[in-house]
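Chemist: Using only what follows, build the 3D model:
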Amino acid sequence: MVPYRTPEKQATKQVAWRTANPEKVLAQNKRHYDADPERSKAIVRKSQLKRWYGLTPEDYDALLEKQNGVCAICKQVCVSGRRLAVDHDHITGKVRGLLCCKCNRGLGNFGDDVSRIKQALEYLQ
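Modeler: Next comes the predicted model:
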């Protein structure tokens, strides 16, 4: 006998309900956030790390510890006070390390193009 509620059925129904009721979803999310902001932030962080980089918060913490809590490039803590950003190869998705906001932005501005970074280094010298 097939159970009445299968995980697949529940997931399909949930997606349909959330799509049909965006205002209720937002209200529910706001209630949860207002009740416990720190828990809500932790849930979002965990979800984003997993979805964007395939990391768990524990993986991130291990990488941070391996780098002694500092940026992989400049060896400084992030001056903005934010967490170090996860640096990854945009083609393969492979995580390279954690960067401060300035180094992360710098690499992004160079488009992760090694030849452009070398040209900038030559220019500065």
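Chemist: Next, the contact list for Lys41, please.
Modeler: For Lys41, the contact set (Cβ atoms under 8 Å, 6 or more residues apart in numbering) is empty. From N, CA and C alone the C-beta is placed, and that goes for glycine too.
Chemist: mind redoing it with 10 Å?
Modeler: Lys41 makes contact with Tyr33, according to Cβ atoms under 10 Å, 6 or more residues apart in numbering.
Chemist: likewise the one 4 residues further on?
Modeler: Taking Cβ under 10 Å, 6+ apart as the criterion, Arg45 is in contact with 57, 60, 83.
Chemist: Where do the domain boundaries of this structure fall?
Modeler: With automatic domain parsing as the criterion, the domains of the chain are listed as 7-54, 69-125.
Chemist: Let me know which of these is tucked in deepest.
Modeler: domain 69-125 (a mean of 14; mean count of other Cβ atoms under 10 Å).
Chemist: Quick one: list the elements packing against the strand or helix carrying Glu65.
Modeler: In this structure, Glu65 sits in helix 57-66 according to DSSP states H and E. Packing contacts for helix 57-66, counted by 3 or more Cβ pairs under 10 Å, 6 or more residues apart in numbering; DSSP states H and E, involve helix 37-48, strand 85-88, strand 95-99.
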